[in-house]
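Asker: Please work out how this folds:
(one chain, ligands or ions: 2)
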Amino acid sequence: MKIFSSKQFYEADKITTEKQGITSVDLMERAATQIYGWLHQRLQGAQVPIHIFCGIGNNGGDGLALGRLLVENGYLVKCYIANYTDKRSPSFLTNYSRYKDVTKNWPLLMTCVEDFPAIAREDIIIDALFGIGLNRPPEGWVKQLIQHINTTPAYKLSIDIPSGLYAEQAITDHEAIIKPNHTLTFQAPKLSFFLPESGPYVTFYEILNIGLDEEYMQTTKPVAQLIAKPQAQRFYKQRNKYAHKGNFGHALVAAGSYGSMGAAVLSTKSTLRIGAGKVTAFIPECGYNIMQISVPEALVQTDVNPKVLSKIEFDFMPDAIAVGMGMGTGKESVAALRGLLKKVTCPILLDADALNCISSTKTLLKLIPQNAILTPHSGELERLIGEWSDDYDKIEKTKAFSKKYNVIVIIKGANTIIISEGEMYINTTGNPGMATAGSGDVLSGVITGLVAQGYDPLMSSVFGVYLHGSAGNIASQLIGFEAMIASDITEALGDAFIELFRQDEQQQAPAD
Ligand SMILES: NC(=O)C1=CN([C@@H]2O[C@H](COP(=O)(O)OP(=O)(O)OC[C@H]3O[C@@H](n4cnc5c(N)ncnc54)[C@H](O)[C@@H]3O)[C@@H](O)[C@H]2O)[C@H](O)CC1
Ligand SMILES: [K+]
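Answerer: Ligands and ions are numbered 1, 2, ... in the order given. This is a model prediction of the structure:
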């Protein structure tokens, strides 16, 4: 599923009207008809007061067209215009008159706080104040109107985007954004729906198809790709009946130190669980028994140093390497990493302390092989790229880093973001139960195991993040968020593969 910018939506709008021989007002009517259908399906004519708050742009026009359709179908509607300027859009004006023609009344024009209506808790609010055309934070009485709407417990439905939220720009005033119960967005979701600072305003959203030009949507390079089940299904490579373990690669997991052997165990186990043919754990000697007992399926080689990794030497040619989980950041670890980076010839994933070693010893940066996968959490990312001012700045800085060093960077979070060669992928699986020690170690194993099996590094990153989140979702359904631990994610990886091809009663996310 593609995520487009506002500019691209305006282009799509223009191309659609030209190619389909329709007007912008016709397109608005389509949009309003879709929202009407959504509401009517749920309300079935119920006589609940519906308050529609409209701006003076096309989002407001959508609200007016919806109001007319609702009135024509016997609903109890009150339409209000936040009349903060006379610069109304042409499609708004057409629908303004159409509303009057049908209802025989003009919508109520609001120009100050005293004009705000009382709203009962049982009422429904439609938010059509601002759409993707927002170009500054709402101020004065318009901001107060947003706050007035937010303080009512009535159900709130935002059209296209919660008013006051930008589609792809950082929030400057958190007090001037509608907090809806639900958002109905046109054609494709907007970038802000998925980022940590703005995502909480869009707890539930649905996409309404308004028939924007198919060719434009297919051929235009999006701002980001959203990875849900239909996209993840396409990554899966079926196994052939005559396959043997040699077909699925031999991974090396270089990890662990005295007191942090769990990280190595978690990573090694998930490398196997995701399907690597063989896994060798390279660990300090103190972890030998721990690893052999915890993961009997793994081969184990040990460092000369009893407590930390100091020299990563192995006697086979791995197909994929993961390094860093719980390995420590002392000078032995830095030396071990330097030695490994100098000789590595297969794809490599750098996690946790490997990233911290790089941040503390910047000369390691130029040793990172092309297409290496870096999996930082927020703190590790900041040590690599420096501070950021907001989510968008973080993305830009990560893109610049990824380009400079030719690496894949995975920004872990509620919606994990994968950045490579200027492309951005946003994952949709996962839950707060995964915010637990060791879940990153599991992810490193999942991605490395996919690389070992022959998925390319970018596909392994995107598919691995999806499967990891999906396993987390399955685990949380069984034990809840609080009780979930990282091992539960590993144990649910098998179900995550099965879930990939399970037919849902209602498909959650449409394919693109
Ligand atoms: N192709 C589509 O996806 C379709 C989208 N539709 C709807 O149109 C809106 C976008 O409409 P637009 O007129 O461009 O913008 P807005 O309605 O968001 O209003 C912008 C309007 O308000 C002014 N403005 C912006 N910020 C502020 C502010 N803080 N305070 C005061 N005024 C502000 C700005 O200058 C403009 O005048 C989209 O979201 C959909 O809902 C179509 O209906 C169907 C096709
Ligand atoms: K809106």
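
Asker: so what's the nearest residue to residue 56 once chain neighbours are set aside scoring on pLDDT?
Answerer: The spatial neighbour of residue 56 that comes closest, neighbours along the chain excluded (Cβ to Cβ, 6 or more residues apart in numbering), is residue 88 at 4.4 Å. All C-beta spots, glycine's among them, are computed from the backbone N, C-alpha and C. pLDDT recorded at residue 88 is 94.

Asker: Let the chain start at 21 from now.
Answerer: That works, and once the first residue is 21, the last one we named lands at residue 108.

Asker: Just confirm residue 108 is within a helix.
Answerer: No: assigned with DSSP: H, G, I helix; E, B strand; the rest coil, residue 108 falls outside any helix and is coil.

Asker: how many other residues sit next to it?
Answerer: 17 (other Cβ atoms under 10 Å).

Asker: cool, and residue 53?
Answerer: When neighbours are counted by other Cβ under 10 Å, residue 53 registers 15.

Asker: what about it, is that helix, strand or coil?
Answerer: The assignment at residue 53 comes out as helix when based on three-state DSSP.

Asker: which residues touch it?
Answerer: residue 89 (Cβ atoms under 8 Å, 6 or more residues apart in numbering).

Asker: Could you measure from it over to ligand 2?
Answerer: According to Cβ to the ion, to the nearest Å, residue 53 and ligand 2 sit 17 Å apart.

Asker: residue contacts, residue 402?
Answerer: Counting by Cβ under 8 Å, 6+ apart, the residues that residue 402 touches are residue 408.

Asker: Wasn't it part of a helix?
Answerer: Yes: checked against three-state DSSP, residue 402 lies within a helix.

Asker: Could you check how far it is from residue 293?
Answerer: According to Cβ to Cβ, to the nearest Å, residue 402 and residue 293 sit 31 Å apart.

Asker: rewinding a little: let me see the contact set for the residue nearest to residue 76.
Answerer: Residue 108 touches 76-77, 80, 116, counting by Cβ under 8 Å, 6+ apart.

Asker: count of residues packed around residue 31?
Answerer: Considering only other Cβ under 10 Å, residue 31 is surrounded by 16 other residues.

Asker: Secondary structure element holding the residue nearest to it when sequence neighbours are not counted?
Answerer: In space, and not counting its chain neighbours, residue 31 is closest to residue 236: 7.1 Å by Cβ to Cβ, 6+ apart. For residue 236, the host element (DSSP states H and E) is helix 234-239.

Asker: That helix packs against which elements?
Answerer: helix 26-40 (3 or more Cβ pairs under 8 Å, 6 or more residues apart in numbering; DSSP states H and E).

Asker: May I have the helix it packs on exported as PDB, CA atoms only?
Answerer: The C-alpha trace of helix 26-40 is given here as PDB (Å, rounded to 0.1, in the frame of the first residue of the first chain):
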ATOM      1  CA  SER A  26      -0.400  16.100  -0.300                       C
ATOM      2  CA  LYS A  27       1.200  17.400  -3.500                       C
ATOM      3  CA  GLN A  28       0.700  14.000  -5.100                       C
ATOM      4  CA  PHE A  29      -3.000  13.900  -4.000                       C
ATOM      5  CA  TYR A  30      -3.500  17.300  -5.700                       C
ATOM      6  CA  GLU A  31      -1.800  16.000  -8.800                       C
ATOM      7  CA  ALA A  32      -3.900  12.800  -8.700                       C
ATOM      8  CA  ASP A  33      -7.000  15.000  -8.300                       C
ATOM      9  CA  LYS A  34      -6.200  17.000 -11.400                       C
ATOM     10  CA  ILE A  35      -5.300  14.000 -13.600                       C
ATOM     11  CA  THR A  36      -8.400  12.100 -12.400                       C
ATOM     12  CA  THR A  37     -10.800  14.900 -13.400                       C
ATOM     13  CA  GLU A  38      -9.000  15.400 -16.800                       C
ATOM     14  CA  LYS A  39      -8.900  11.700 -17.700                       C
ATOM     15  CA  GLN A  40     -12.300  10.800 -16.400                       C
END
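
Asker: Where does the prediction get shaky in the chain?
Answerer: Filtered on pLDDT under 70, the chain yields the residue ranges 524-532.

Asker: do that again at 90, thanks
Answerer: For the chain, the stretches with pLDDT under 90 are 104-106, 125, 260-267, 441-442, 523-532.

Asker: can you list contacts of stretch 467-480?
Answerer: 255, 257, 267-271, 273, 287, 290-297, 299, 338-342, 367, 369, 391-393, 395, 428, 430, 438, 440, 481, 483-485.
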